[in-house]
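1. One predicted model, sequence on top.
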There are 2 protein chains.
Amino acid sequence: MAKIKIGIIGIGNMGSSHAHNISQGKVKGAELAAVCDIDPARLEWARGNLDVENLDYYANQEDFFAEADIDAVIVATPHYDHPPLAIKAMKNDLHVLIEKPAGVYTKQVKEMNQVAKKSDSVFAIMYNQRTRPVFQKLKDIIDSGELGEIRRTNWLITSWYRSQSYYDSGGWRATWEGEGGGVLLNQCPHNLDLWQWTCGRPKRVRAFCYFGKYHDIEVEDDVTAYVEYENGATGVFITSTADAPGTDRLEVTGNRGKILVENNQLTFWRLRTPERKFNAEYEGGFGSPETWKCQIPVHGSTTGHVGILNDWINSIEKGTDLLSPGIEGINGLEISNAMHLSAWLDDWVDIPVDEDLFYEKLQEKIKESDFQKEVKDSKTLDVSGTH
Amino acid sequence: MAKIKIGIIGIGNMGSSHAHNISQGKVKGAELAAVCDIDPARLEWARGNLDVENLDYYANQEDFFAEADIDAVIVATPHYDHPPLAIKAMKNDLHVLIEKPAGVYTKQVKEMNQVAKKSDSVFAIMYNQRTRPVFQKLKDIIDSGELGEIRRTNWLITSWYRSQSYYDSGGWRATWEGEGGGVLLNQCPHNLDLWQWTCGRPKRVRAFCYFGKYHDIEVEDDVTAYVEYENGATGVFITSTADAPGTDRLEVTGNRGKILVENNQLTFWRLRTPERKFNAEYEGGFGSPETWKCQIPVHGSTTGHVGILNDWINSIEKGTDLLSPGIEGINGLEISNAMHLSAWLDDWVDIPVDEDLFYEKLQEKIKESDFQKEVKDSKTLDVSGTH
């Protein structure tokens, strides 16, 4: 079987990492055929660093789509360009894998999803954290009903530390115009996705975001969000790029106990009697349900970016289900949009988000921006182990 | 030296526990001289269960204050009566220890504090959790500057499980008229006090309270509150009486690291370089300050109720400083009032709280209440280890 020929648009931090993984043979059945970047320095970097025979280089996406001999495209550009480039790729009958987030605002992501639904392209998103066995197990336990109906979720995810030099490393980073947000758009898409993937989507959000609180940036670097779910459950999501050392601790409480995901381990405090039943029947005043602390076995390893690349190629070749379908990218983004909008309006925001209002407010931020970004050096950062 | 003669008003769960501690000689220099309760069943219980010679029994507070031969009073009635009874005791030149909370609304507590400031009474509050060495150590580390300026506090304190039978055990429990609140007024005063004692007082609050969500009660049994501090720090306080098993986890992040108080242990992740300095000076893009995980020694034992009783008697006898001065009772209550008011108004509430508005809204709740409480049995619950 001929190898799937991959083109990559955007050879920045992530694109170059994917290029290495493919060129080093880590993605079975795929070969790197073309790369594209509008920045001559990145193309120059690719020429010097990617040891691939017959690799084609493109300086703009028009030539890339018109000329490159490829079957599939990885979109690893700044966020805003994910939907239009994915749409263009689908319309060129190419399979597509987009980097996260799916886009910056749901309005454009919906359009991408509509094209995807009508297309035969295999469309995936780089939610590489879905390959973490501990989250797959969490989803398994919740979906199976062992935890009972969820009533509280609490994710303290402040382990995304970034110093000022990180923000200074790219001109598009952490600006409304270039990135469309901060920690919610860049670091947290994984967490927002895993949160909704395992615990479901909230129905409304009340969020508190601080913009440039700890860094010289115009977007948010500190967020506390409160959410309510359809069944009355509540949740809190707290994130920041300034906490050192941060914490990554997800706790989910249900009618039948509590699950904690921390340090890549999963602990389940299982109630022998469901709480609702105990509450109704117990007559002793003080007292609580008998609880069994269970250490849940978590097998397998986190295959990460390489895992998602292989999953995508596998689906192209064999028609298998995707672990991370591209059309699910909207779910986490919608929560992120709701958090931004809630902070801007200082009010509750329902999900689904009023997409026109969000778009309008985002445009205001871009228009009103007087932020002068001082880019010290547009270099390729080593991202191993960070995303 | 003659023993300090103690009278107790309110021989319910807590009052009877204090009576036992004193009558069993656990409070040095004190003796139980009188008890007072308007419920004949409780007085009957006292007659049958307190093995004290020459103990006087009073069926109303008028006779108690007029006739009892005592030096000091413990007020262990339902919450609303704490301030008026404390004031009456002070005006009778008696030393006073009140149960928590200091009252139900700050308006009445301020009045109590004004009387206290003009009085020679030694006035304490039963914040027995201030005797926990782990919180004393937390306060020590924060006050000493080792943690640096605080920027985030997060207390997940859902370990106050109560079943319906608990709420059914007393007619005043969990009603606006009888108790003035739920988990915030009954279970959390300790946590709210320890939170502000160690981390300082917030400047504004946005809280989400659910009333009778998991129990047949009219007051709150599920709360998530977001706070902002004067210096820009933020915090979250989450509590419930329905989570099983609950969590008790306080994390405080500062410029110089992070402290975790959990399972009665204190862990300090100390940054070798303060975060603000690292952020400004580090040039490597990805990277974070060197962190030392320090297990902080915590010595001594939690003396609890008996500790506070001894501290109070000691202060009466020797003029020593109180660990838990009565006038500090208002600090935690003010946060609690702000949380209630924020939930009622569905809006931000500043601290200090608008005390007249809070009082007005509380009266509305009492007036509008159509809750019919079904009291199954007014019994004395065993409170050992629960408060």
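-> That came through, no problem.

2. Surely A:Pro83 forms part of a helix?
-> Yes. Assigned with DSSP: H, G, I helix; E, B strand; the rest coil, A:Pro83 falls within a helix.

3. Distance from the longest helix out of those in chain A to the middle of the chain?
-> In terms of residue count, the longest helix belonging to chain A (DSSP state H) is helix A:329-345. Taking CA atoms, centre = their mean, to the nearest Å, one finds helix A:329-345 lying 13 Å from the centre of the chain it belongs to.

4. now stretch A:202-213
-> Centroid separation between stretch A:202-213 and its chain, computed with CA atoms, centre = their mean, is 17 Å.

5. just the CA coordinates of the longest helix of chain A, formatted as CSV?
-> Coordinates of each C-alpha in helix A:329-345 appear next as CSV, following Å, rounded to 0.1, in the frame of the first residue of the first chain:
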residue,chain,number,x,y,z
GLY,A,329,-13.3,20.6,18.5
ILE,A,330,-16.2,23.0,18.9
ASN,A,331,-17.2,21.6,22.3
GLY,A,332,-14.3,22.8,24.3
LEU,A,333,-14.0,26.0,22.3
GLU,A,334,-17.6,26.9,23.1
ILE,A,335,-16.9,26.7,26.8
SER,A,336,-13.8,28.8,26.3
ASN,A,337,-15.9,31.4,24.3
ALA,A,338,-18.5,31.4,27.1
MET,A,339,-15.8,32.1,29.7
HIS,A,340,-14.4,35.0,27.7
LEU,A,341,-17.8,36.5,27.0
SER,A,342,-18.9,36.1,30.7
ALA,A,343,-15.8,37.9,31.8
TRP,A,344,-16.3,40.7,29.2
LEU,A,345,-20.0,41.1,30.1
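
6. Give me the secondary structure label for the closest residue to A:Asn54 other than its chain neighbours.
-> Once flanking residues are discounted, A:Asn54 sits nearest to A:Ala33: 7.5 Å by CB to CB, 6 or more residues apart in numbering or on different chains. C-betas here are computed from N, CA, C, even on glycine. Classification of A:Ala33 by three-state DSSP places it in strand.

7. wait, doesn't A:Ala33 sit right on A:Asp56?
-> Yes. Here A:Ala33 lies in contact with A:Asp56, judged by CB atoms under 8 Å, at a distance of 6.5 Å.

8. need the residues of the stretch 51-200 of chain A near chain B, please.
-> With CB under 8 Å from any CB of the partner chain as the criterion, the stretch 51-200 of chain A comes near chain B at residues A:151-152, A:154, A:156, A:158, A:161-166, A:169.

9. Which one among those residues sits at the bottom for pLDDT?
-> Of all these, A:Ser169 has the smallest pLDDT value, namely 84.

10. coming back round to it: A:Ala33 and A:Asp56 - which one has more neighbours?
-> Higher neighbour count among A:Ala33 and A:Asp56: A:Ala33, with 21 against 18, using other CB atoms under 10 Å in any protein chain shown.

11. okay, the residue nearest to A:Asn54: pLDDT?
-> In this prediction, A:Ala33 carries a pLDDT score of 98.

12. ok, now which ones touch it?
-> Neighbouring residues of A:Ala33 by CB atoms under 8 Å, 6 or more residues apart in numbering or on different chains: A:5-7, A:54-56, A:68-70.

13. Tell me how far A:Asn255 lies from B:Thr241.
-> Taking CB to CB, to the nearest Å as the measure, A:Asn255 falls 15 Å from B:Thr241.

14. neighbour-wise, which of the two wins?
-> B:Thr241 (29 against 19).

15. Quick check: closest non-adjacent residue to that one.
-> Closest to B:Thr241 by CB to CB, 6+ apart is B:Arg162, at 4.2 Å.

16. quick one: the one you found is in a strand?
-> No. If the criterion is three-state DSSP, then B:Arg162 is coil and not within a strand.

17. What are the buried residues along stretch A:305-320?
-> The neighbour-count check on stretch A:305-320 (16 or more other CB atoms under 10 Å in any protein chain shown) flags A:305-316 as buried.

18. And for that stretch, what's in contact with it?
-> Applying CB under 8 Å, 6+ apart, the external contacts of stretch A:305-320 come out as A:1, A:4, A:17-18, A:21-22, A:26-30, A:71-72, A:95, A:97, A:122, A:124, A:126-128, A:130-131, A:303, A:321-324, A:387.
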